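Engineer: Starting from these lines, generate the structure:
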Amino acid sequence: MLRHKRQFLTQRQSDYLIKTYSRSFISYINDTYSFEGSDIDLMREAWLYDLLVKEKLIQHKDQADILRLQRLRAGFKVVDTHHVHTDPLSLVCFLNDDYTGGEFVYVDARGKERELIAQKNNAIIFSGDVPHKVNQVLTGDRYTLVGFFSGCC
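Structural biologist: Next comes the predicted model:
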C-alpha cells in the first residue's frame, strides 16, 4: 500500500519545521547511510499531532515511534538497495524541491520499480513492508518529514 497526499503540509508549516528543527540536527552515519535529523516533539507541535490524527496515522502520541526532520546533503551516502521498515506505516513528506537527485524509489505490488519525483509539501504514506530506497542527492539539500507509526488505524 502506498498513497500520495497532496499538500499534506502548507508552505508555512514546511518552512517552520526546517527553521525550527534544523538548528538541532544530529548526524546519523554508519556503513550503509548518512543523514542529519532532528526529532519532532509532538507535545510542542499540537498542530502536527492534530494533522497526524486527522490523516489516521496515529490515535495518540505513543504511536509515533519516530517523527523527525531529515536532511540529506549532496554526496551523503544513502541505502542503495531496497529496504523495508518494521513499523506498519511510514510517512515521507517532502519539504522542499530546490535540489536534484534524492528520488524516492519503491517497488509496486506487481514487483515493478517506480521512481517518485518529490513535490514540495506533498507526502507519501506507505506500509512498512513496501520495498524502497532513496537515490543520492546530487545538488542542494533534501528536507523531509519522516515518520514511522505503529498500532494505529
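Engineer: Would you mind confirming that residue 135 makes contact with residue 105?
Structural biologist: Yes. Counting by Cβ atoms under 8 Å, residue 135 does reach residue 105; the two are 6.3 Å apart. (Each C-beta comes from the backbone N, C-alpha and C, glycine too.)
Engineer: hey, what's in contact with both of these two?
Structural biologist: residue 115 (Cβ atoms under 8 Å, 6 or more residues apart in numbering).
Engineer: ok, and the helix or strand in this structure with the lowest average confidence?
Structural biologist: strand 26-29 (a mean of 83; mean pLDDT, DSSP states H and E).
Engineer: buried set for the following helix or strand past that strand?
Structural biologist: Next along the chain after strand 26-29, taking DSSP states H and E as the criterion, comes strand 34-39. In terms of neighbour count (16 or more other Cβ atoms under 10 Å), strand 34-39 has its buried residues at 35-38.
Engineer: just stretch 58-72 next, same as before
Structural biologist: So, applying 16+ other Cβ under 10 Å, buried residues of stretch 58-72: 58, 63-72.
Engineer: again with stretch 128-142
Structural biologist: 128, 130, 132-135, 137, 140-142.
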